[in-house]
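> quick check, what structure comes out for this input:
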Amino acid sequence: MTVTGTGTGTTVSEDGSDSGTDTSGCPRPAAAAPFTDLGEVSAPQRDDIARVYGLGVTEGTTATTFSPADPVTRAQMASFLARLHKAVTGSDAGVVAAPFTDLGEVSAPQRDDIARVYGLGVTEGTTATTFSPADPVTRAQMASFLARYIRQASV
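Numbering: from 1, shown residues only. As a prediction, this is how the structure comes out:
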């Protein structure tokens, strides 16, 4: 399976490796990321972080930090996936009414991203009415988010 998209999309081969090209086959260099805290990560991880930064999928935890060892919250993962959708398709997913009652402490942009990935069928919440936005994403949840995105978004 090769995952491709339109616009500024990415090409990922069956083994999960990034081809380093956009969907047109053109080289997709890593962007110059402003993060000063990547000294402990491997060179391939630094390149991957720079690529997702360049695609607009991540913004960092501050203007100059990425916090590579920090866990990712469910709200952050929703934002990553909403931005990935925009990078792949060239447009934002629609914001739909989500049934989650525990989003009061979440920023408005993150609430919209949660509603976007809910609308795409990527998340079901931790219960029918809760999303648990501050909870860390487990590796199993991350795999489910990504697999659902691939299935539902038809990328």
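
> where does Ala75 sit: helix, strand or coil?
Following DSSP: H, G, I helix; E, B strand; the rest coil, we place Ala75 in the helix state.

> buried stuff in the stretch of helix or strand Met142 belongs to?
Per DSSP states H and E: Met142 is located in helix 139-153. Of all the residues in helix 139-153, those buried under the rule 16 or more other C-beta atoms under 10 Å are Gln141, Met142, Phe145, Leu146, Arg148, Tyr149, Ala153. C-beta here means a position set from N, CA and C on the backbone, and glycine is covered the same way.

> equivalent analysis for stretch 34-50, please.
Buried residues in stretch 34-50, defined by neighbour count with 16+ other C-beta under 10 Å: Phe35, Leu38, Val41, Arg46, Ile49, Ala50.

> excluding chain neighbours, what is closest to Leu146?
Leu81 (7.9 Å; C-beta to C-beta, 6 or more residues apart in numbering).
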